[in-house]
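**Student:** just a sequence and a predicted model for now, questions to come.
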Amino acid sequence: MPYRALATRPVLAWSAVTVAGRMPVAMAPLALVLLVRERPGGYTLGAVLAAVYVLGEIIAAPVLGIRMNAERARPQLASGLAVGALGFAGLGLLDGAHPAVLGGLAFAAGAGPAAVPGGLRALLTSLVPEHAVTQAMSMESVLTFGIWAGAPALTTGFALGVDPAVPLLLQGGSMALAVAGLRLLPVGWKAEGGAGGEAVRRLLARAWPVYVTGAASLTLLALAELVLPALLEQRGIGIGWAGPLLAGFAAGSALGAFLYGLRGDWPGRLTAQSLVLILGVTGGVVLVALLPWAAAVAVALVLAGLLQAPAMLTRNLALRRILPPSALAAGYSVMYAAVGAGYAASGSLAGGLLRVVAPSTAILWGVGLTLLLTAAGALGERRMVEAAPAAQSVAPARKVRR
């Protein structure tokens with residue numbers, strides 16, 4: 001069984017820390033909207049707070065990731081999670097404060113732990129043998145999509161059933177638990193091929209095509225999530241179906257990540273795999289825009305999700321192939337920022353288009369943006385592959401193929 005190598009105490013501890021650290025992130029946008037919805041202009045304020053939170057993530061992830069010391073990453077991870085815990089707890093305790101105060105707390109909650117996912121991913125791959133790295137990253141993806149599938153129900157249940165501040169307080173407590181759980185993990189990972197700050201920046205800049213294709217894959221997720229309610233209304237389908245349909249997308253993504261790791265060594269280079277997978281997800285989203293039946297939309301979303309997670313996995317595996325261990329946390333953090341920016345760009349485009357065109361047309365325009373990003377990334381990555389001999393003098397060869 002390919003996943004058997006992951007059944008170790010360090011990996012299980014890593015999984016617990018990841019759930020405690022990422023559940024608050026998955027809950028955050030909806031929790032912020034529900035926190036202020038009963039105030040004047042509440043939904044608008046909630047959307048602004050959610051945008052400020054995401055902006056904090058996008059700005060801080062590459063900055064903090066570049067500064068992370070691979071061999072002593074644990075203190076930096078702990079401090080980032082602690083800032084996030086304080087930000088979320090502050091939002092829950094000061095829910096009636098001035099919007100500027102809430103905005104500052106939301107920014108801190110997003111920015112503080114922004115480099116934690118990248119650091120934890122680099123730490124995970126150091127805990128397993130080389131031949132199990134693909135399975136480890138697949139397991140991480142399954143875990144992530146499971147968290148994102150359960151977060152909305154958890155958030156709405158506590159916010160509407162108990163008090164709007166409760167989810168934020170729970171988020172703060174969960175991040176505090178993650179800080180404590182870090183004590184169960186190694187202090188860092190071995191960083192052969194270490195490079196200074198300027199050298200790391202050059203390595204990260206050279207990998208820009210990988211970030212662009214990563215952002216392209218997340219633009220499709222934004223289209224599926226943000227335009228789906230309006231599309232269902234256009235088709236005469238109850239908006240209440242949006243939740244189950246998106247849960248199907250998340251379930252398909254978790255299954256896709258599991259299946260990708262089950263085999264591990266898929267034919268073709270990672271660049272080609274990524275291109276095929278992103279085009280497959282694109283086809284599924286196009287079908288969502290064109291098909292008029294709820295059942296057909298559900299099938300298209302599940303199939304799109306089935307390919308979505310492997311598409312992102314190929315991007316993270318490509319980064320691991322390109323970058324030396326000392327730059328991996330920074331690379332993953334830049335990817336985190338890039339996909340967040342892609343999500344925000346696609347969502348903004350679709351939101352603006354919904355004012356003037358039908359939801360199905362807005363989705364197709366968003367698909368056009370995805371194809372442009374994919375083409376740019378693929379061309380850049382082809383040139384990067386042609387220059388690989390020069391890269392080999394900087395980064396040690398790995399067993400994962402590009």
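**Tutor:** Thanks, I have the structure now.

**Student:** quick one, what contacts Thr219?
**Tutor:** If you count contacts by CB atoms under 8 Å, 6 or more residues apart in numbering, Thr219 has them with 342-343, 345-346, 366, 369-370, 373. Glycine gets a C-beta too; all of them are placed from N, C-alpha and C.

**Student:** how near is the nearest residue to Gly238 once chain neighbours are set aside to Pro113?
**Tutor:** Take Gly238 and drop its neighbours on the chain: the residue closest to it by CB to CB, 6 or more residues apart in numbering is Leu232, 6.9 Å away. Separation of Leu232 from Pro113 (CB to CB, to the nearest Å): 34 Å.

**Student:** show me which of these two is the more surrounded one.
**Tutor:** Pro113 (33 against 19; other CB atoms under 10 Å).

**Student:** just to revisit the earlier point, three-state assignment of the residue nearest to Gly238?
**Tutor:** helix (DSSP: H, G, I helix; E, B strand; the rest coil).

**Student:** got the contact list for it?
**Tutor:** Counted by CB under 8 Å, 6+ apart, Leu232 has contacts 238-239, 241-242, 245, 294, 297.

**Student:** these in helices, which ones?
**Tutor:** Judged by DSSP state H, those include 242, 245, 294, 297 as members of helices.

**Student:** lowest-confidence entry in those?
**Tutor:** Lowest pLDDT of these: Ala242, 73.

**Student:** how is the residue lying closest to Arg72 once chain neighbours are set aside assigned, secondary-structure-wise?
**Tutor:** Of all residues beyond its chain neighbours, the one nearest Arg72 is Gly188 (5.0 Å), with distances taken as CB to CB, 6+ apart. Secondary structure, three-state DSSP: Gly188 is coil.

**Student:** against Leu328, how distant is Gly188?
**Tutor:** 11 Å.

**Student:** any residues in contact with both of those two?
**Tutor:** Joint contacts of Gly188 and Leu328 (CB under 8 Å, 6+ apart) are Ala70.

**Student:** between the two, which one's more packed in?
**Tutor:** Leu328 (26 against 21).

**Student:** wait, the more buried one touches Arg321, no?
**Tutor:** No - at 10.6 Å, Leu328 does not count as touching Arg321 under the criterion of CB atoms under 8 Å.

**Student:** and the helices in the stretch 101-250 of the chain?
**Tutor:** Secondary structure of the stretch 101-250 of the chain (DSSP state H, counting those that start in this stretch): helices at 116-126, 133-161, 166-181, 197-206, 208-226, 228-235, 242-263.

**Student:** nearest the geometric middle of the protein, what residue?
**Tutor:** By CA atoms, centre = their mean, the mean C-alpha position of the chain lies nearest to Tyr336, the distance being 6.0 Å.

**Student:** ok, that residue - contacts?
**Tutor:** When contacts are counted by CB under 8 Å, 6+ apart, Tyr336 touches 57, 61, 65, 114-115, 117-118.

**Student:** could you rerun that using 7 Å?
**Tutor:** Contacts for Tyr336 (CB atoms under 7 Å, 6 or more residues apart in numbering) come out as 61, 117-118.

**Student:** of the ones in helices among the contacts of Leu232 - the most surrounded one?
**Tutor:** Among those, the one with the most neighbours (other CB under 10 Å) is Val297, at 23 neighbours.

**Student:** test my guess that that residue contacts Val286.
**Tutor:** No - Val297 is not in contact with Val286 according to CB atoms under 7 Å; the separation is 11.8 Å.

**Student:** quick check: neighbours shared by those two?
**Tutor:** Counting by CB under 7 Å, 6+ apart, Val297 and Val286 have no contacts in common.

**Student:** next, the buried residues of the host helix or strand of Ala304.
**Tutor:** Using DSSP states H and E, the element containing Ala304 is helix 294-322. Judged by neighbour count using 16 or more other CB atoms under 10 Å, the buried positions of helix 294-322 are 294, 297-322.

**Student:** got a list of what Ala149 touches?
**Tutor:** Ala149 is in contact with 247, 250-251, counting by CB under 7 Å, 6+ apart.

**Student:** need the residues you listed in JSON lines (columns: distance to Leu160).
**Tutor:** Converted to JSON lines, those look like this (distance: CB to CB, whole Å):
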{"residue": "Ala247", "distance to Leu160": "18"}
{"residue": "Ala250", "distance to Leu160": "21"}
{"residue": "Ala251", "distance to Leu160": "24"}
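
**Student:** from the residues you listed, list the buried ones, please.
**Tutor:** For the contacts of Ala149, a burial check counting by 16+ other CB under 10 Å picks out 247, 250-251.

**Student:** report the distance from the helix or strand harbouring Pro29 to the chain centre.
**Tutor:** According to DSSP H and E, Pro29 maps onto helix 9-35. Its chain's average C-alpha position is 12 Å from that of helix 9-35, according to CA atoms, centre = their mean, to the nearest Å.

**Student:** got the domain ranges for this structure?
**Tutor:** What automatic domain parsing lists as the domains of the chain is 1-132+151-190, 196-402.

**Student:** so which of these gets nearest Val142?
**Tutor:** Each of the domains of the chain has some distance to Val142 by CB to CB; the shortest is domain 196-402, at 4.8 Å.

**Student:** ok, now how distant is the residue nearest to Gly238 from Ala298?
**Tutor:** Counting by CB to CB - Leu232 and Ala298 are separated by 11 Å.

**Student:** before we move on, what about Val162?
**Tutor:** Val162 sits at a distance of 31 Å from Ala298 (criterion: CB to CB).

**Student:** under the pLDDT cut-off, which ranges of the stretch 201-350 of the chain? List them.
**Tutor:** Scanning the stretch 201-350 of the chain for pLDDT under 70 picks out 239, 264.

**Student:** rerun at 50
**Tutor:** Nowhere does the stretch 201-350 of the chain drop to pLDDT under 50.
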